[in-house]
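> Okay, predicted coordinates and the sequence, questions at the end:
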Amino acid sequence: MLERHLMQSFERRDGSGFRAFLRTAITRFMVDERRGAQRDKRGGGAAVLSLDALGAVDFEPMRDGASLSAEQMFDLAWNEAVMNEAMARLRQQLLARGQGTAFEVFRRYDFEGGSAELSYAELGRALSMTERQVKHGIGLARAAFRDIVTEIVSGYVEDPAELGAELKALFGV
């Protein structure tokens, strides 16, 4: 807005001088407004990830670990939100391509802890698949999952070096 001290600084002469003054003041105001709208505030143009919208985050395990800091709790919630979003996208993508079995194998083996309990052959028997089909499905889904997670995280970082660090932190590598 035009402030009073601006009006006080104007020297009253003729009408055309006032119009020029007013035009300049309004132009400067508009430039400031545009600059302010484009300014990178609180993350700039980065996409916003709603932890609530991406699925229920289970804070129960976090409560048991009284030694966890607020930052560690946030990191856990962030990781879970990203993984939930990635799993939803992966499911949608693979189902759309007619590869729902690849998603099911990946979900059971990598996300439900089946890798600790089941071999490829055992999982294949449970899903009426060969061991080779299980291996292929897991490989296909893992590659797509990595791409999806990379896409999600890249929406929140500006620098490619930050992307690598975020992915390392997310996958614990």
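Yep, it's here.

> Could you list the domains of the protein?
4-38, 60-171 (automatic domain parsing).

> mean pLDDT lowest for which of those domains?
Among those, domain 4-38 carries the lowest mean pLDDT, at a mean of 63.

> where along the chain do the helices fall?
4-9, 15-38, 60-64, 70-96, 100-106, 114-117, 120-126, 131-154, 160-171 (DSSP state H).

> which helices and strands sit right next to the last one?
Other helices and strands packing on helix 160-171, by 3 or more C-beta pairs under 8 Å, 6 or more residues apart in numbering; DSSP states H and E, are helix 70-96, helix 131-154. Heads up, the C-betas are built off the backbone N, CA and C, glycines and all.

> 6 Å instead?
Contacts defined by 3 or more C-beta pairs under 6 Å, 6 or more residues apart in numbering; DSSP states H and E place helix 160-171 against no helix or strand at all.

> Going forward, the N-terminal residue is numbered 242.
New numbering, starting at 242: the last item is helix 401-412.

> now the angle from that helix to helix 311-337?
Here the directions of helix 401-412 and helix 311-337 differ by 90 degrees (axes from the mean of the first three to the mean of the last three C-alpha atoms, to 10 degrees).

> Taking helix 372-395 as reference, get the angle to helix 401-412.
130 degrees.
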